[in-house]
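Colleague: Sharing a sequence plus its predicted fold:
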Amino acid sequence: QLQLVESGGGTVQTGGSLRLSCAASGSISSMKCMGWYRGAPGKEREGVAAIWDDGTAKYASSVKGRATISLDNAKNTLYLQMNNLKPEDTGMYYCAAFECFTVTYKYWGHGTQVTVSS
């Protein structure tokens, strides 16, 4: 089992920045391909960013150019740097680990809340 714990959420004003962290423990060997999702009331859960074991990163069009996903294997920590935040970025942000080839998500954290005020 891989345990994931997110942190770094909070309330920021429009245009502000946040860096979300996701600390992993347990079956670290499963921490090869990781992603960030977000959910908000009344909205479907949205994939925000993902990173593969070869360093390839992909982003949702809604955050492209404003978000950077990174994985520090030495610290067993996944990050999501979000800049120029907008009210529509408000939501619960979850990190998750997926199988690299099938992109099947297997492990999820409990989330960290991000609120962007206008």
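Modeller: Thanks, I have the structure now.
Colleague: Show the pLDDT at the residue nearest the centre of the chain.
Modeller: For the chain, the residue nearest the mean C-alpha position is residue 36 (2.6 Å; Cα atoms, centre = their mean). On the pLDDT scale, residue 36 is placed at 98.
Colleague: And the one 3 residues further on, by the same measure?
Modeller: Among the per-residue scores, residue 39 holds a pLDDT of 96.
Colleague: returning to what we had before: buried ones in the helix or strand containing the residue nearest to the centre of the chain, by neighbour count?
Modeller: Here residue 36 is covered by strand 33-39, with elements defined by DSSP states H and E. Residues of strand 33-39 classed as buried: 33-38 (neighbour count, 16 or more other Cβ atoms under 10 Å). In short, each C-beta sits where N, CA and C put it, glycine included.
Colleague: Check stretch 38-55 too.
Modeller: 38, 47-52.
Colleague: now, among these, which is nearest to residue 68?
Modeller: Among the buried residues of stretch 38-55, residue 49 lies closest to residue 68 (Cβ to Cβ), at 8.0 Å.
Colleague: hang on, the earlier thing: ok, what's across the strand from the residue nearest to the centre of the chain?
Modeller: The partner list for residue 36 in beta bridges (DSSP bridges) reads residue 49, residue 95.
Colleague: likewise residue 80?
Modeller: residue 20, residue 69.
Colleague: surely it meets residue 50?
Modeller: No. Using Cβ atoms under 8 Å as the test, residue 80 is too far from residue 50 to be in contact (10.5 Å).
Colleague: Identify the contacts common to these two.
Modeller: Taking Cβ atoms under 8 Å, 6 or more residues apart in numbering as the contact rule, residue 80 and residue 50 both touch 36, 69.
Colleague: hang on, the earlier thing: looking at the buried residues of strand 33-39, spot the one nearest residue 76.
Modeller: Set against residue 76, the nearest of those by Cβ to Cβ is residue 34 (10.6 Å).
Colleague: List the residues that contact that closest one.
Modeller: Residue 34 touches 22, 50-51, 69, 71, 78, 95-98, counting by Cβ under 8 Å, 6+ apart.
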